[in-house]
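Chemist: Predicted model and sequence follow; I will ask about them next.
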Amino acid sequence: MKKYIELYFFLLLLPKILFSTNTGLDFLNIPFVPKIVSMGNSGVSITDDVYAININPAGLSSVSSEQLSTVYNSLYEEIYQFWTGFCYPTKKYSLGLSINYLGMSEFQGYNAVGGKEDYVTASDSVISFTYSRYISKNKNKNFLSSGITGKYITETLDNIQSSVLACDIGFLYKTKFINYALVIQNLGDTIKFDEVPFELPKRCIFSINYNPKKLNLVMDIIYSPDLNPYLNLGIEYNINNLLFLRSGYTKIGINMNDYLESPFSCGFGIKLNKISRNIFDELKLDYSFSEINMLNYYTHRIGLVLTFHRFTEKQLTVKEINRHMKSGTDYFNNKEYNKALLEFIKILQIDSYNLNAIDMIRKCKEKIQKIN
């Protein structure tokens, strides 16, 4: 039962988001991950890579090698978003770090009576740090994991700047065909901007994923204080584990006439394996397309994820032996027999039954004896 104490305290936090009003920093809820956007802004239960830092921190425990990612979003006219993240898994836990920046070009400023002022700039940024680990795991590869992301949020308008600390807390339960996830986002204190206090845009998301063979079906149920509960639905079709076709529908249960965005989105992903020997194991490229109806404008998001090659202990041992064997052989051919002998002895310290090293040690000793 102790394993589930974290989940119990997490559920106690749910009432904290039920009565928040007058929210600000809505940019925190702008989806930036191309895969998520193309599947109708759903996917809390399928995010198992570096993107989990800001989607569901519990998903970061599924990462087995270091990953580096970057995303660029063209939102509207001269408004853009840039995100980059890195994760580092260990045997017991996974760590992640990301930077999210939303900016725009200078625009005309006005005073209280409508008179023109100097041009001003505006931007929002989030620095996030994630800790994730397994709560339980069995031989069938079913597992329950948890994670927490701490965030330092800054909002700037010309010479006015405010900042606040917040966090996301998430859980992921994964089985062979069905995944479940629960996340609370943007828990934190109020932020004052120009002396006006605002609550953070808290959200609670429950997600279910069904993944039979080549299909990936996702449903997210979202609750936020300023909206009625609504659904996001997404689908992904896997073609030879190389090309991934995606589509989705967002905010089911809400009158979309009150929103600029179209509820429909689509996109694709490409995955390449073993792209660079001993450096990168995998490269993923994701793209999403959506529309802002009222403005007749299309938004594009592009993301790239690099998975670094991680050597196993056996691979490291073989690599080390090969390195000493090459150095020893070079020394031997250059008639530097004492140096060669030391290299072959180092091999025996790693593998005491290495026949090649034993044979070369014999040859080195014979050469040294002849010289002496």
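Modeler: Yep, it's here. Numbers count the residues shown, from 1 in each chain.
Chemist: Could you list the buried residues of stretch 217-233?
Modeler: If you call a residue buried by 16 or more other C-beta atoms under 10 Å, then stretch 217-233 has these buried ones: 217-225, 231-233. For glycine as for every other residue, the C-beta is placed from the backbone atoms N, C-alpha and C.
Chemist: in this protein, which ranges drop under the pLDDT threshold?
Modeler: 1-24, 76-77, 106-115, 117, 140, 194, 256-260, 276-278, 293-296, 310-316 (pLDDT under 70).
Chemist: All the helices of it, in order from the start?
Modeler: According to DSSP state H, the chain carries its helices in the segments 5-12, 34-38, 52-55, 313-333, 337-350, 355-371.
Chemist: on that earlier part again, could I get the buried residues of stretch 217-233 as JSON lines with distance to Leu242?
Modeler: Output for the buried residues of stretch 217-233, formatted as JSON lines (distance: C-beta to C-beta, whole Å):
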{"residue": "Leu217", "distance to Leu242": "20"}
{"residue": "Val218", "distance to Leu242": "21"}
{"residue": "Met219", "distance to Leu242": "26"}
{"residue": "Asp220", "distance to Leu242": "26"}
{"residue": "Ile221", "distance to Leu242": "32"}
{"residue": "Ile222", "distance to Leu242": "32"}
{"residue": "Tyr223", "distance to Leu242": "37"}
{"residue": "Ser224", "distance to Leu242": "37"}
{"residue": "Pro225", "distance to Leu242": "42"}
{"residue": "Leu231", "distance to Leu242": "30"}
{"residue": "Asn232", "distance to Leu242": "26"}
{"residue": "Leu233", "distance to Leu242": "25"}
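Chemist: Show only the entries of those found in strands.
Modeler: 217-224, 231-233 (DSSP state E).
Chemist: coming back round to it: which pair of the buried residues of stretch 217-233 spans the longest distance?
Modeler: Leu217 and Pro225 (28.4 Å; C-beta to C-beta).
Chemist: before we move on, back to that, would you turn the helices of the chain into a markdown table with distance to Gly303 and mean neighbour count?
Modeler: What follows is the helices of the chain, written out as a markdown table (distance: least, C-beta to C-beta, whole Å; neighbours: other C-beta atoms under 10 Å):
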| stretch | distance to Gly303 | mean neighbour count |
| --- | --- | --- |
| helix 5-12 | 28 | 12 |
| helix 34-38 | 4 | 29 |
| helix 52-55 | 12 | 29 |
| helix 313-333 | 29 | 14 |
| helix 337-350 | 41 | 17 |
| helix 355-371 | 47 | 14 |
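Chemist: Count the neighbours of the closest residue to Gly188 other than its chain neighbours for me.
Modeler: In space, and not counting its chain neighbours, Gly188 is closest to Ala166: 3.2 Å by C-beta to C-beta, 6 or more residues apart in numbering. By the criterion of other C-beta atoms under 10 Å, Ala166 has 22 neighbours.
Chemist: I'd say Ala166 and Ile184 touch.
Modeler: No: counting by C-beta atoms under 8 Å, Ala166 sits too far from Ile184 to count as a contact (10.6 Å).
Chemist: sorry, back to before: using TSV, please lay out the ones in strands among the buried residues of stretch 217-233 together with distance to Lys151.
Modeler: Shown next, in TSV, are these (distance: C-beta to C-beta, whole Å):
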residue	distance to Lys151
Leu217	30
Val218	24
Met219	26
Asp220	20
Ile221	23
Ile222	19
Tyr223	20
Ser224	17
Leu231	26
Asn232	22
Leu233	28
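Chemist: that older thread, what sits against the residue nearest to Gly188?
Modeler: For Ala166, the contact set (C-beta atoms under 8 Å, 6 or more residues apart in numbering) comprises 150-151, 153, 186-189, 200.
Chemist: rerun that using 7 Å as the cut-off
Modeler: The neighbours of Ala166, taking C-beta atoms under 7 Å, 6 or more residues apart in numbering as the test, are 151, 153, 186-188, 200.
Chemist: Could I have the ChimeraX command that selects the buried members from these?
Modeler: Of these, the buried ones can be selected in ChimeraX as follows, counting by 16+ other C-beta under 10 Å:
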select :151,153,186,187,188,200
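Chemist: ok, which pair from the contacts of Ala166 is furthest apart?
Modeler: Top of the distance list for these (C-beta to C-beta): Ile153 and Leu187, 11.9 Å.
Chemist: about what we covered before: dump the helices of the chain to TSV, plus distance to Lys251.
Modeler: Shown next, in TSV, are the helices of the chain (distance: least, C-beta to C-beta, whole Å):
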stretch	distance to Lys251
helix 5-12	25
helix 34-38	13
helix 52-55	18
helix 313-333	48
helix 337-350	59
helix 355-371	66
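Chemist: Tell me, how many residues neighbour the nearest residue to Cys87 once chain neighbours are set aside?
Modeler: Counting by C-beta to C-beta, 6+ apart, Cys87 lies nearest to Gly96, which is 4.1 Å off, once chain neighbours are set aside. Neighbours of Gly96 under the rule other C-beta under 10 Å: 26.
Chemist: Any idea what Gly96 is bridged to?
Modeler: Cys87, Thr130 (DSSP bridges).
Chemist: From Lys326, how far out is it?
Modeler: Distance, Gly96 to Lys326, using C-beta to C-beta, to the nearest Å: 37 Å.
Chemist: cool, Asn186 as well?
Modeler: Counting by C-beta to C-beta, the gap from Asn186 to Lys326 is 54 Å.
Chemist: Ser146 too?
Modeler: Separation of Ser146 from Lys326 (C-beta to C-beta) stands at 46 Å.
Chemist: Likewise for Pro31?
Modeler: 50 Å.
Chemist: bridging residues for Lys116?
Modeler: Tyr110.
Chemist: same deal with Lys137?
Modeler: Here Lys137, judged by DSSP bridges, has bridge partners Phe143.
Chemist: Test my guess that it contacts Phe143.
Modeler: Yes: counting by C-beta atoms under 7 Å, Phe143 is a contact partner of Lys137 at 4.1 Å.
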